[in-house]
Every structure is written in structure tokens, then in C-alpha cells.
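Colleague: Here is my input, please return the structure:
(2 chains)
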Number of protein chains: 2
Amino acid sequence: MVRFEDISTPARLAEPEEGIGRDELSLAARNHGLPLEGLRYDVTPPGMHYVLTHYDIPYVADDTSWELTVGGHVEHPLRLDMAGLRALHAVTTRVTMECAGNGRALLSPRPVSQPWLLEAVGTADWTGVPLRTLLNEAGVRDGAVDVVFTGADHGVERGVEQDYQRALPLDTALGGTPEVLVAYAMNGAPLPPQHGRPLRLVVPGWYGMAHVKWLRDITIAERPFTGFQQTTAYRLRQEPDEEGVPVTRIAPRALMVPPGFPDFMSRSRVVRPGSVQLEGRAWSGRAPISAVDISTDDGRTWNPANLEPPTDHRWAWRHWQYTWTAAPGDHVLCARATDAEGRTQPLSQPWNRGGFANNLVQRVPVLCAA
Amino acid sequence: MVRFEDISTPARLAEPEEGIGRDELSLAARNHGLPLEGLRYDVTPPGMHYVLTHYDIPYVADDTSWELTVGGHVEHPLRLDMAGLRALHAVTTRVTMECAGNGRALLSPRPVSQPWLLEAVGTADWTGVPLRTLLNEAGVRDGAVDVVFTGADHGVERGVEQDYQRALPLDTALGGTPEVLVAYAMNGAPLPPQHGRPLRLVVPGWYGMAHVKWLRDITIAERPFTGFQQTTAYRLRQEPDEEGVPVTRIAPRALMVPPGFPDFMSRSRVVRPGSVQLEGRAWSGRAPISAVDISTDDGRTWNPANLEPPTDHRWAWRHWQYTWTAAPGDHVLCARATDAEGRTQPLSQPWNRGGFANNLVQRVPVLCAA
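Modeller: Predicted coordinates for the structure are as follows:
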């Protein structure tokens, strides 16, 4: 029995005033967010799409030997290679994906983990085989409850050595809204290594932890899956020993293209007086976005933004615009999304120990310089 | 006259024990390094190649209206569009690019800026027009000394509002070893936005600050260029008021693919006992790499790695391998590059106030777990 206590410590909260540590910086240097000016693109260029890898990016020089197995509680276990998958009927879906930890480093106290500010998001056109096609071909037997997905990425986390594994409830896995994909292409090209080459799961509307990368096995289970990433990580908890609420679908959020130009080090924004066109994107994995409201006085007053008309891309973000007349001085801009089921972004932090699903309204300080 | 003192503060050093600040984290979340397992690729997939943007990534929806001007101390000023550039004789060069600030966050005291650990590197095949083709067509007049390159990226830095600008000495700009390129393709595809779409400079062997992205103007100057990025930033200084030594070519460095598998949070490595194949890359912008030495005892003893034979890619990194027999316990692995002119990596930090060109030998702690 290997003991990892020296290199793999329990989850913790940062002390008040504790700066970002070397461990958090190591994660920030390798994973990366969408530079927010990238919100201008309907579809995010692959190298600008956020990336989070728990362990290492597996090296797949040649995908001809990659195999996906489908087994467990099924009639006919499957063994599929990439050519076999590409021969099946394919679907392309535009999906906005967001890390469940987006906004974590803005929380107080700060959960010590990947220290995202607000950039852990991106939108891509994902192409692949509907998961239900594979499950129907395998023939799910009566009594199945969960579908477990295993990636090729391997590591230690909080003392537990593991392949990355997550599960979906059977009805979600077989569902049509959203339709889950086993994807082999991103924006019309093979998946880049950091996005799961050669194969990943795409679960429209769910936070990123569900979209298992480097997918190599699908197992249908008769019992609820209790793996680390399902029951230890990705739970909303106020206290460490709670069972917690599972993290699932993406809460509503709007983000703004930072207006004007930045200072290199502080990233503070500078605009000139006069008309400033504000724009950004808004999304929710729960229900379509119904409104985006803008404040140019740090949340005291709000006005509706112009939201682009609904498109066929239900699972992708929507563009919004707002014209602001900037006067010299300091300002704080905010954007706030509301979805069709009435969920709106909170004005005070929705704190939990893991730092998940923090969709606190964005604040953008701007200096209007005459 | 706009005063930026509230948002744009002078360069400074972190206090002892001062954690990474919000400003440094903002840079780390948007810029990103090469996850070091990406050293396995001869040519880095674009989304894994390091990126550093001083200000914002300009949005270029359509490059048909992009114009490159060549002017200043020339006979025939030029005005070129992308079609005109693509019609000229093109060259493709494989280049390892490294940020001058790579290794900064490992320095003590730490200069407060983009907090790179060791990942700010990548290798790509860049295609474009040799700069000397354009300069010869424009006809450089007698008395020219510097060639100034201006990008479309605009911001404030240490109180100075600016477009990003850097210069090369005329003989470097006209030289054949290395041959400077005005590049429009990366790995056979148009430049991704974050790598300079549609046009950037590529200066083989030089640190990244010379490879001006979003290139829109080339001006031949009769006087040495004294812009911010030339004489304030990118200088090796021990004291703030020194003139300093310009940062130019890349110092030798070897990096290792982290062996085994990681812990999520600490990024510590775990291997099993027995034979472990170590591998990595080594490069120098000064002279070809002549040796890579490996230590598996934190630098006490060294043994030569197997270096791949020289290739036609003088400006790209070279692959190295070393077989290590791991015994249970804690180990620190190191790799050290030497170039053909006898430069080797230091074993104590080469400190300067900007945190540039820190090529201190990499240390990789590894737990060998039975």
C-alpha cells in the first residue's frame, strides 16, 4: 500500500490574506482560461478555449490503436476503434463549456485548488457519435442506474491514486435534451491533445468535469458510482464531512469583453470618454438565457442589454451588447444573466468549500481617461 | 496628459514569503505555458505552445484588410496586404521560442510580473517571407541602424501608453543566420489569434519579446530605438537605475518530461521502482546544443544523456533520453544543457530585477513508490 501523504494533502482553505501558492501557480501555468477578449468569437479558437487537466495530458502519437470499450451491465459488450466510431452517424453540437471551478480564486476564504478567476470557459463545435447510439447497440440491461466514463489520465488526488472517472445517471446518458456525445472532432478538426485526443465525452449544459477526456471505457453500472470525482470532489459543501450536493449543470453567467485597453500588470481597463460599445456572452446549462442586465455604477442601477435573438445553438452562449456613455473618472461595470426559469446571478458570493459554481456577478473596474 | 499612476505602478520585487498576487494570477490565468508533458512532441500543437500577450489579443475577423507598411529610412516605402505577402517566396523554419521571463517565479526575490515557472516554451514550424526580402525591396538607405517593428496590441505598462514595439539591429534584420521571418502561418495553418493573426515576426534563436505579433509596421530608423520595450523593459539590471544589458538570444536550457504521474495539487511526481525512461528537450539560441547531463541525486553527480543527432532544424530544440533505475524513496532529478560555445546552465540562480533569462537547472522531485 503506497502512502502519498507527503505529496498529496487534504483539501484546505487559504488563510485570510494568504497569497496564491506555488502549488496553485503550477496549475495556473499549465491550465489556462479564455482571455476575455476572446468572448468576441462565436466559436472559440481551440488554443483560446479553457483547458483543465487534473493529471497529465496523455500522449497519443497515433490514434489507430485507440480502443473504446463499452461494458458492464449490457447485453453485448462493445470494442470500438476510431475508424469504427467515425463510420457511425455523427452529430455536431455547439457547446459552451465552463469549469465548475470558474471564479474560485475570487472567493473568500479561497479554496486551494486550480485558481480560476473568471476565464474558465469556451465554446466549440463538437462532432461525434451520440452516446445513446452506443448504449443502444450494447443493449443496457434492466437494473442499470449509472454510466461510468474512464479517461486515460492517471494521477493522485487528495491521497487517492486513480484514473479520471465520472458517471452520469442512465436517463441523462440516454437522453436527447441534452444529447451526450462521444466526440472525436472540435471545430471540424481532430481533438487537440489537451482537449482529449482522440476521444472525449461532451455533455451539453454540464460543467466541464462531466466531459471526460481521453475516453477509453464506458461501463454501465447497477449501483450508483461512488468514485473520487463523483462523491469526494465536485460536491457543494459548507463543512468537510457533509455528503454535499453534486455539481451538475452550469449556473447562469454573463461575462463582458473588457472594454478599451489594459494595463499590462494590473489588467485595469482604460477607455476614452464618449460612447463605448460593451459586449459579451451569457449562458446557462439549466434553461435558455432570457435577459442580461448591465450596471455601470457597480450594481446600484441596472439596464437591459440587447440580447441576440435565439439561435439553433441551445447549448451555446448568446451575444449581448450595450452602449455606455463613459464620463471621465472611475467606474465599475457589471453584467448579470437571468435564465428562462428565473435563475439569476447572485450579488454576494455563493461560497462552498470546493469553490464550485461561483457565478457571482463580474465586476470590471474601468478608468475613463480624458 | 493622462496619468495612469493608480492603475499602472512601477516594477517591484516581491517581499520574502509574499505569495503570488491577484495581478500576477490575472496574467497566469490568461497567458499559459507548455504543460511539460508536451515536450514529447517535436512540434508543439498550437494550443499547447506558450503564449504571452502584454495587452489584449487584437480581434481580426478578416485579414483581407490587414496592411503591413514598410517605411522610414528607405528608398521605396511599401504597403503590403496579405495576398501580396503570400505571393512572395516563402520560407518555413522550425523554431523553439521561449519567453525571456521563463523561470521568473522561481527567483528569490521574485520580480513581480508574469509569474512563469518553467513552461514558457514551444516549438513550431513558422512560414513566411524573409524580412530581408522586404527590406531589400524597400531599399534601406545609408545610415540606417535599427529596424523597428510595431504590433497592433495597445496598452499601458509602468505608466506608459504604447503600441507594442521592438527593434532589431539592421545587421540582424538583414542577416541570414538566423533568417528573420515575417510569418503568416504556424504549423501549416494561418496563425491562431493568440500567436499574432494574421502576421508576426519570427526571430530564430531570440527570446519571445523580439517576435512582434500582430505586426502592422516596419520602420527603418537612423537612430537606435529607445522605446519602452527596448530600453525600459527587457534589460538585465541589478539596480533599477542601471542602463542594463539588453535581452537578446536564448540561453541554453534543458527541460524534462515529468516522469511517472502527478499529484493533482502539488504536481509532485510518482514513479514505480525499476527502469524509468527519462526524456526531454534542450535548446540554445546562441550555439547548437553539444551535451545534456542528467543528475538523479539533486546535482551531486552527473551523467551524459543520449542526445539525438543534429537535424536540419538548427533553431529547434533537440531530443534527449536517459535511462534511470529508480529505487524506492525520494529523488530529485536534474537536466543540464551545454552549447557548442561552452555555455552551460547555472546551478545557482542568475538573478536580475526583471527576472529575465533565468536558465537555472530544473529540479524535478520524484517519489519512487514501491
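Colleague: element containing A:L118, please.
Modeller: Under the criterion DSSP states H and E, no helix or strand holds A:L118.
Colleague: Look up how far chain B lies from it.
Modeller: A:L118 sits at a distance of 8 Å from chain B (criterion: CB to the nearest CB, to the nearest Å). To be clear about C-beta, it is placed using only N, CA and C from the backbone, and glycine gets the same treatment.
Colleague: With A:V148 instead?
Modeller: As for A:V148, its distance to chain B is 20 Å (criterion: CB to the nearest CB).
Colleague: Got phi/psi on that residue?
Modeller: Phi and psi for A:V148, reported as degrees, to the nearest 10, are phi -100, psi 130.
Colleague: Isn't it up against A:V70?
Modeller: No: using CB atoms under 8 Å, A:V148 makes no contact with A:V70, being 10.9 Å away.
Colleague: Now for those two: what residues contact both?
Modeller: Contact criterion CB atoms under 8 Å, 6 or more residues apart in numbering or on different chains; residues shared by A:V148 and A:V70: A:D217, A:I218, A:T219, A:I220.
Colleague: which of the residues you listed has the most neighbours?
Modeller: Neighbour counts for those peak at A:I218, which has 26 neighbours (criterion: other CB atoms under 10 Å in any protein chain shown).
Colleague: OK, contacts around it?
Modeller: Shown in contact with A:I218 (CB under 8 Å, 6+ apart): A:68-72, A:131, A:134-135, A:147-150, A:182.
Colleague: Point out the residues in the stretch 251-370 of chain A that sit beside chain B.
Modeller: A:258, A:261-268, A:270, A:367, A:369-370 (CB under 8 Å from any CB of the partner chain).
Colleague: Go through those and flag which are in strands.
Modeller: Judged by DSSP state E, those include A:F261, A:P262, A:V270, A:L367 as members of strands.
Colleague: Of these, which is the nearest to B:L360?
Modeller: A:P262 (30.4 Å; CB to CB).
Colleague: these two touch, right, A:N102 and A:L118?
Modeller: Yes: the pair A:N102 / A:L118 is scored as a contact, 6.5 Å apart, by CB under 8 Å.
Colleague: which of these two has more neighbours?
Modeller: When A:N102 and A:L118 are compared for neighbours, A:N102 comes out ahead with 29 against 23, by other CB under 10 Å.
Colleague: From the recorded domain assignment, give the ranges for chain A.
Modeller: Following automatic domain parsing, chain A resolves into domains at A:22-246, A:253-368.
Colleague: Just put the ones you listed in CSV and tack on mean pLDDT.
Modeller: Listed next are the domains of chain A as CSV, based on pLDDT from 0 to 100:
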stretch, mean pLDDT
domain A:22-246, 97
domain A:253-368, 97
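Colleague: Serialize these to a markdown table and add fields for distance to B:T53.
Modeller: As requested, the domains of chain A are exported to a markdown table (distance: least, CB to CB, whole Å):
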| stretch | distance to B:T53 |
| --- | --- |
| domain A:22-246 | 7 |
| domain A:253-368 | 9 |
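Colleague: Figure out which of these is closest to B:G274.
Modeller: The nearest among the domains of chain A, by CB to CB, is domain A:22-246 at 17.4 Å.
Colleague: got the end-to-end distance for the closest one?
Modeller: 29 Å (CA to CA, to the nearest Å).
Colleague: Name the SS class of A:V364, please.
Modeller: Assigned by DSSP: H, G, I helix; E, B strand; the rest coil, the conformation of A:V364 is strand.
Colleague: who's more crowded, A:V148 and A:V70?
Modeller: Taking neighbours as other CB under 10 Å, A:V148 and A:V70 compare with A:V70 leading, 23 against 19.
Colleague: which is the next helix or strand following whichever strand or helix holds the more buried one?
Modeller: Element membership of A:V70 [criterion: DSSP H and E] is strand A:67-72. As assigned by DSSP H and E, the chain's next helix or strand after strand A:67-72 is strand A:78-81.
Colleague: residue contacts, the one residue in the stretch 1-150 of chain A that gets nearest to chain B?
Modeller: Residue nearest to chain B within the stretch 1-150 of chain A: A:G19 (1.7 Å; CB to the nearest CB). By CB under 8 Å, 6+ apart, the contact set of A:G19 is B:E18, B:G19, B:I20, B:G21.
Colleague: What of A:P304?
Modeller: A:A291, A:V292, A:D293, A:I294.
Colleague: Out of the ones in strands among the residues of the stretch 251-370 of chain A next to chain B, who's the most crowded?
Modeller: Within these, most neighbours by other CB under 10 Å means A:P262, with 24 neighbours.
Colleague: so what's that residue bridging to?
Modeller: Counting by DSSP bridges, A:P262 is bridged to A:R269.
Colleague: distance of it from B:P193?
Modeller: A:P262 sits 16 Å away from B:P193, going by CB to CB, to the nearest Å.
Colleague: As a check, name the ranges of all helices in the stretch 151-300 of chain A.
Modeller: Counting by DSSP state H, counting those that start in this stretch, the stretch 151-300 of chain A has helices at residues A:170-174.
Colleague: A:W214 reaches A:Q194, doesn't it?
Modeller: No: using CB under 8 Å, A:W214 is not in contact with A:Q194; the gap is 10.2 Å.
Colleague: Of all the residues in stretch A:104-115, which ones are buried?
Modeller: The neighbour-count check on stretch A:104-115 (16 or more other CB atoms under 10 Å in any protein chain shown) flags A:R104, A:A105, A:L106, A:L107, A:R110, A:P111, A:V112, A:S113, A:Q114, A:P115 as buried.
Colleague: my read: the fifth one touches A:A14, true?
Modeller: Yes: when contacts are counted by CB under 8 Å, A:R110 is listed as touching A:A14 (4.2 Å).
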